[in-house]
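> need a 3D model of the sequence below.
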Amino acid sequence: MKILETLAKTPSLVTAVSQANNLHSDLTSENIAAMDTAWSSKSSNIELTIKNISNNSLSNYLTDFINSNPAEVEVFVTDLKGLNIAMTDRTSDYLQSDEEWWKSTYANGSGEFM
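Here you go, the predicted model:
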């Protein structure tokens, strides 16, 4: 677990999350729900978003991390709203904030390591 805590503090990751928080600040719950549904149903209108997330520099960094740390099977990063911003593998959905692990980790904004 310590290695994931260290990863979470990587400056490029922290910067990417901050940028995504700003970028996504105006998204409404309706926008997010529509994007999450499109992601889950593999709708063609979300494929560019998925490609951009899968191929961004942070996702590439995470892939290198996984390759160097084979005990970690999958890693993805979300923004403040729980939206994927980087991933080693495509997740089943775009929105992670409805997951118990995310709610526990977010802890109403205080955050904690699980």
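
> which stretches of the chain form strands?
Taking DSSP state E as the test, the strands found in the chain are 76-78, 84-87.

> in JSON lines, list these along with distance to residue 24.
C-beta: built from backbone N, CA, C; applies to glycine. Output for the strands of the chain, formatted as JSON lines (distance: least, CB to CB, whole Å):
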{"stretch": "strand 76-78", "distance to residue 24": "10"}
{"stretch": "strand 84-87", "distance to residue 24": "9"}
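
> mind checking these for the one nearest to residue 96?
strand 76-78 (4.9 Å; CB to CB).

> what about that closest one, distance to the chain center?
Between the centre of strand 76-78 and the centre of its host chain there is 2 Å, according to CA atoms, centre = their mean, to the nearest Å.

> just the residues contacting that strand, thanks.
Contact with strand 76-78 is made by 13, 16-17, 58, 62, 84-89, 91, 96-97, 102, as judged by CB atoms under 8 Å, 6 or more residues apart in numbering.

> what strands flank it, and is each parallel or antiparallel?
Strand 76-78 sits in its sheet next to strand 84-87 (antiparallel), going by DSSP bridges.

> looking at the contacts of strand 76-78, which are in helices?
Those of the contacts of strand 76-78 mapping onto helices are 13, 16, 17, 58, 62, 102, per DSSP state H.

> can you redo the strands of the chain as a markdown table with distance to residue 47, mean pLDDT and mean neighbour count?
Below are the strands of the chain laid out as a markdown table (distance: least, CB to CB, whole Å; pLDDT from 0 to 100; neighbours: other CB atoms under 10 Å):
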| stretch | distance to residue 47 | mean pLDDT | mean neighbour count |
| --- | --- | --- | --- |
| strand 76-78 | 17 | 95 | 21 |
| strand 84-87 | 14 | 98 | 22 |
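
> among those strands, which is nearest residue 23?
Residue 23 sits nearest to strand 84-87 of all the strands of the chain, at 8.8 Å, using CB to CB.

> all helices of this structure, in order?
Under DSSP H, the chain gives helices at 2-8, 11-23, 29-40, 47-54, 57-68, 100-106.

> other residues contacting the first one?
Think helix 2-8. 13, 65, 69, 72, 75, 113.

> quick one: residue 37 and residue 13, what's the gap?
Counting by CB to CB, to the nearest Å, the gap from residue 37 to residue 13 is 27 Å.
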